[in-house]
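Peer 1: sequence-free structure coming up:
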């Protein structure tokens with residue numbers, strides 16, 4: 001024979017436990033979402049800082065390039081002069097390519 005009182009009590013306890021589990025799960029999900037949001041914001045800030053640094057390096061490179069163009073011999077650093085020469089070579093190639101339009 002089925003004990004309806006026990007079954008009703010078990011179902012009631014199961015529902016109560018289920019709600020508590022859902023509540024605990026929701027709190028855990030909320031905390032994890034906050035952690036992920038914070039981490040995502042940190043990663044975006046790191047990326048933006050790296051981008052700004054890269055922009056300044058490019059700006060510095062342009063200034064050094066322009067200094068050498070305006071005053072030949074301004075650069076006396078061999079690796080920098082090699083890059084300067086490559087830029088000059090690529091610029092000449094670009095001019096030739098643009099003429100062929």
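Peer 2: On my side now, so go ahead. None of these values were measured; they are calculated from a predicted model.

Peer 1: CA atoms for contacts and neighbours, from now on please.
Peer 2: Noted.

Peer 1: for residue 101, give me the pLDDT.
Peer 2: Looking at residue 101, its pLDDT reads 62.

Peer 1: now do the lengthiest helix in the chain, average pLDDT.
Peer 2: Of all segments of type helix in the chain, defined using DSSP state H, the longest is helix 4-70. Mean pLDDT, helix 4-70: 87.

Peer 1: just checking, what packs against it?
Peer 2: Judged by 3 or more Cα pairs under 8 Å, 6 or more residues apart in numbering; DSSP states H and E, helix 4-70 is in contact with no other helix or strand.

Peer 1: list the buried residues in the very next helix or strand once past that helix.
Peer 2: Later in the chain than helix 4-70, the nearest helix or strand by DSSP states H and E is helix 78-99. By neighbour count on 16 or more other Cα atoms under 10 Å, the buried set for helix 78-99 is 81, 84.

Peer 1: okay, the angle between helix 78-99 and helix 4-70?
Peer 2: 90 degrees (axes from the mean of the first three to the mean of the last three Cα atoms, to 10 degrees).
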